Every structure is written in structure tokens, then in C-alpha cells.
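Peer 1: Turn this into a structure:
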Amino acid sequence: MATQKDGRFETFPAVREYSELLEAQNKRLARATLTGKISSLHDAATLFEFVEKTQQNFSDLQKKLVERLFNENLSNAVSSAAIRSRSAIDVLNRCLYERSSDVAFLAADGDLIDFLSLENPSKTDREAIRKRLKEYASCYTVYKDIVLLRPDGRIAARLDERFGIGKSRDSFIEETLSKNGYVEVLKESDLFIDRKKELIFAKRAANGARIVGVLALVFDFDGEMNAIFEFLNSRIALVDSRKHVIASCAPAQTDDIFGFNLEKPYMITKFGNKTFICAGAKAESFEGYTGLDWTAYAFTHSSDDQVGEARSAGQFSALLSAELRQIVDASEEIGEDLGDVVINGELIASKTRAYALNPILENIRQIGEQTRAVFRRAVVDLENVVAAALFTASSLLARLSLNIADRNLYERAADCRWWAKNPLFRKEQYEEASGVLERINSLYAPYSLLYIYDRHGIVRAVSKREAADFVGKPLADETHREVLRNADMNRYFVTPFAPNELYGGKPTYVYQASILSEANAPIGGIGLVFDAARQFEAILRTTLPPSGNEEDGTGQAAFGVFFDNVKNIVIASTNRGLAPLERLPFDLAALGESKTSLFEWDGRQYIVARADSDGYREYKRTDGYANNLSSLIFMPV
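Peer 2: Here you go, the predicted model:
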């Protein structure tokens, strides 16, 4: 795969060490052979001719081992970089998908449209709309500003008034007005005094056939990228279609990646005195959203994946390639051949009294033993390198699956609180409410069903016609009773993970929020039935390596599990042998404090990593909600 000129010794110093050790042994054997041939004359000439051939075999094997060591280390590093780059772009892409749904729905908000329809809004009107924008931002904390613009670019209202209320001539306004869909741009804009690049989601607002303005949601791009960088704890650069770095925590000299060709799986690049492996990943479609043409690049160094503890020889031998195992077997044969040479030489020396051969033969014996030791150590070290990478990868993927899940559920908590504030719902106009729910459900894929219930806990409107039979029926869950006692519009409630008739009897979470009257008294609630089976399995499959996405789902490949860490029950799994609500069939205490370990289950050995939920932004951190979600990633050994 590579030659020494490729910088492999700089990339992987351990390969250099073994190359130098084996080269030294090779030279010793060559000198010993030459000395033997000169000293023995005719007495053992055939013997040393065999040693010479063995030495040549050893030289060939040395080259093969060094090449194999480099290739195995390279494959490891490329895989590590690829996982990180894919993780970065996938997490970002899923987050931005939600933004595309947000802007499409909010641009049709009645209060915003009514305000933009006013040519000369009063002070009361402006205060009311700004209050509404604040309420929205309090639910969706991913936005740093919300701007309402008139068709001519005049700013009608905005959340962050530090940037002023004036007029914008930004080209995205005209583009948005000309499109039926939304516009997504990362650019410098005159909306902001500092002219810093901002990520804007914009959608035109219309009152019937009349276009009354533009809604611009300004995403907290820097904050989000910093959170992704911190979570991955890796060197990441996000690059646009023009090869400009738009966000980075990678080494400073990122210009080198501009010419990177994604058709190649990796490149080797150098920053300062360190050599890195770089791999890139482009965003893949998620629920039809692909976003802007961005690529995430990750840089890994040979020291990134270190072995946490010493492992016994052969413990991870199954991880090594067949070619490497053949090389090891051949090295053992060479050692045995040299051992035979020593025995035969000692016999010849004894019969011919050629005692000068003895020190030469002893030298050859030592060379044979030391050579085998070097080969064995190289293999054990490589086993540990490969295993360390698997431990690191499984731990990262376990954390990644939970991070994506937390981000997903953060959105559900925001959605239910905001939608509960809809004026139609607060006026108890249930017939019109069904249409609103239907439109929401068409924009937001994570929900199986949305519904509204009145102050008596009776379902009054649903988002899907096939669920119309539930209208008029009382809710069975206990959570809605808490909702009907609550007068805080910033609170949300979640049912326990349990079977729910609104989800076809399957287990799920239902996110709920109180619908309050103008006097802030609870008059009902909204329920969002999370499509748990589809969403959780999709998250797990997204985070697994390709081998973990086999159709049989029997556990013969990598698989993932979400579980309740208090009840020890399965929430979701890509292994069909682990059904939701079943108790976990293994003892997690074996994972220890490190939360990663070798683990045997169902007759197969795995590297298993566990991660516990850390929440996202305020979700499960400061909002008072406790959810005992954890994940396990099983990587076969």
C-alpha cells in the first residue's frame, strides 16, 4: 500500500521501531552466516548455505511484516478518522434538518403573519410580537436571533435588538421572496453590525395570496459547532463547497486539506512536527434533508488511540488479518529452521572437532530466538493497537448514539411547549386545530401522532384521519393529569416508556405540555407521540459501523442497544433478539468503571461500550426532567 517514501515511519513511529529491530537482526544473521562460511571451510558449507537461504527468507519476511504493520496501523487510523468525520457531519445535519422544519412551520404562524400584514403596527403590536419571538426562543434555544422583514428589506421586528431595527439589502431576502420553499445560507449579512458569517434559515410569509414578508431564523452555528467539537474531542474541520474552512478545531494549517479528493479514503498530512491521517465525510440525506454542500474532515494521530491496559498475547488475535497471521507462522518456521541449523552444526562441530563453529552457532541461536521474540511482540502490540481502536470506537459510538438521541428528544421537548402556545389551541377551536396538527405532523417526521385534549382529559383533535376514533375518548395515562394541574408554560411532561394505545399498543414516550387560557389557567394539553421504534432504531443504525447493519440482526455483527439504566429494560435494539421492555439478559457490572470491556454473550465475544445520557443544552441538564436512558454498543472480536 505504501513505501517508506510515503512517510509511514513519521506517521507510525512504532513501525519504524520494528523495522529497525528486524533490520538489525537481519544484518546480524548475514554477518554470522558469512563468518560461518569462512570459518567452517568445507566442514559445514552446506549448512551455512541453508542459513544463507534462511536469511534471505527472513529478509523477505521482514519487509512483509513492516508493510503489514504499516497497512494495519493505517487502516486503523483511517477508520478512526472516518468515524469522527462521519459523526460530526451527521450530528450537524440532523440538527439542521429540524431547523428546516421549524422555519417552514413558524413562517405560517398566524400572529407573525398578522403583524407583518400591518403597515404601521402600534407600540402594543410590536411589544406583543417581540414577546412571541421571545417565547419561541425560550423553547428553541438553538436560535440566537429571529428577524421579521418586510418585502422591501425593512426590519419589522427582531429578537435581538442590539443589532438595531433598520433595513437590509441582503440578497437572501430577494431569493426567499422568489421561492415557495425555505432558503438556507451561511454568509456575512448586513443584518449584523459585526458582519460575521451567520447560518440563516429563511422563509417567506404570506397572508393568502399576498406575500407580507420574510422570517429569518438565525442559528447559533458557532455554539453548535463548539459543542460538536467538544463532544467528539477530535481535530475536526468543516469545509464548504469552495474548500473554505467555515468551522474548525483542527491544527492551524488547514489550507492543506483544500485539495482533498473525497474519492480517496484518506490522505496523510503534516502540521508542525506531527503527521496526521485525514478522512472526510459529506452529509447524507436525512428525512429528505441534505443541507448545504459541506464536508467534515477529521485528523487522527498515531497516539490518539492508546491501549488503556495491558492485554495478554493472543487475546485479540481474531482481529488480525489472515496475511499477518501467515507472516507470524512463517517467522516461527524460520526460528525453527535456525534452531535446526544450530543442532546440526553442533553435531558437525563435535564430529570434526571444528570447535570454532560453536560461538557462531550460539550467535545464530540467539538471533533466532530474538527474531521470534520481535515478531511475537510486534503482533501483540498490533493486536493491542487494533483492540484499542475498537475500544475507542465503540466508546465513541455509544456516546454518539446517546448524543443524537438527546438532541432528538430536546427537539420534542421544545416542540410540545411551543405548539401548546398556539392561539387556536388556547381558544379551544378544536375543529381548526385538527388542520394545524395535520400540517405539523407532515413537517415533523419524528412523530407518529399529535393530539389535543381538553380540561377533562378527553381527546378533541388528532393529526391523522386514521386516528379519528380516539377523538372523544378519555386518556389513560397518568401524565396528562399533571399537565392539567400545571400553569407554567415553560414546563413539559413525558410519559414513562410503556405501551400506548395511541402508538398501536407499542411502547413509546409521549411528550406533553399544558394549554393555558389567556388568564394562564390550564384548559387542556397537547400530546406528541414519539415514533420510538423507528427513530431509536434509525439512530442506532446510523452510529454502527457498516458491518453492524446486516439485515439478519442476529448479533453476528456489531449491534446497539438503548436501555433504561434503572429498570434495566430494553428501549430499542438493532439485535432482534432484544425486544423493547425485555430485561437486559447480561450483567453490566462486568464493564467496570471504564464502561468498556471484553464481554461474552450468546456464545460470542464482543468489545462492549456503555454510555449514559448527558443531556443537550438545557434538556435533562437544567429543565428538571430525568430520563434514565443509556446505550450499549457491541463490537464483535
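
Peer 1: When you work out contacts or count neighbours from here on, use the C-alpha atoms and nothing else.
Peer 2: OK.

Peer 1: So for the protein, the centremost residue is which one?
Peer 2: Centrality entry for the chain: nearest residue to the mean C-alpha point is Ser87, 3.0 Å, by Cα atoms, centre = their mean.

Peer 1: So that residue is in contact with Leu400, correct?
Peer 2: Yes: Ser87 is in contact with Leu400 according to Cα atoms under 8 Å; the separation is 7.3 Å.

Peer 1: Find the residues that touch each one of those two.
Peer 2: Taking Cα atoms under 8 Å, 6 or more residues apart in numbering as the contact definition, Ser87 and Leu400 share the neighbouring residues Thr543.

Peer 1: any idea how far the residue lying closest to Leu191 once chain neighbours are set aside is from Gly272?
Peer 2: The shortest distance from Leu191 to any residue other than its chain neighbours is 6.1 Å, reached at Ser168 (Cα to Cα, 6 or more residues apart in numbering). Summarising the geometry, the distance separating Ser168 from Gly272, computed by Cα to Cα, to the nearest Å, is 44 Å.

Peer 1: which of the two has more neighbours?
Peer 2: Regarding Ser168 and Gly272, a neighbour count based on other Cα atoms under 10 Å identifies Ser168 as having more, with 18 against 8.

Peer 1: contacting residues for that one?
Peer 2: The contact partners of Ser168, taken as Cα under 8 Å, 6+ apart, are Gly153, Arg154, Ile155, Asp190, Leu191.

Peer 1: how does it look with 7 Å?
Peer 2: Gly153, Arg154, Asp190, Leu191 (Cα atoms under 7 Å, 6 or more residues apart in numbering).

Peer 1: Spit out the contact partners of the second one.
Peer 2: The contact partners of Arg154, by Cα under 7 Å, 6+ apart, come to Gly166, Lys167, Ser168.

Peer 1: Which ones among those map onto helices?
Peer 2: Within those, no residue falls in helices by DSSP state H.

Peer 1: What ranges does the stretch 251-400 of the chain have for its helices?
Peer 2: Taking DSSP state H, counting those that start in this stretch as the test, the helices found in the stretch 251-400 of the chain are 322-352, 357-419.

Peer 1: centre of the chain versus the shortest one, how much separation?
Peer 2: For helix 322-352, the distance between its averaged C-alpha position and the chain's averaged C-alpha position is 49 Å (Cα atoms, centre = their mean, to the nearest Å).

Peer 1: And that helix, what does it pack against?
Peer 2: Here helix 322-352 touches helix 45-106, helix 357-419, going by 3 or more Cα pairs under 7 Å, 6 or more residues apart in numbering; DSSP states H and E.

Peer 1: With mean pLDDT and distance to Glu175 added, can I get those helices in CSV?
Peer 2: Formatted as CSV, the helices and strands packed on helix 322-352 follow (pLDDT from 0 to 100; distance: least, Cα to Cα, whole Å):
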stretch, mean pLDDT, distance to Glu175
helix 45-106, 86, 15
helix 357-419, 86, 28
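
Peer 1: Let me have those helices in a markdown table, adding distance to Leu516 as columns.
Peer 2: What follows is the helices and strands packed on helix 322-352, written out as a markdown table (distance: least, Cα to Cα, whole Å):
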| stretch | distance to Leu516 |
| --- | --- |
| helix 45-106 | 20 |
| helix 357-419 | 11 |
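
Peer 1: That'll do, ta.
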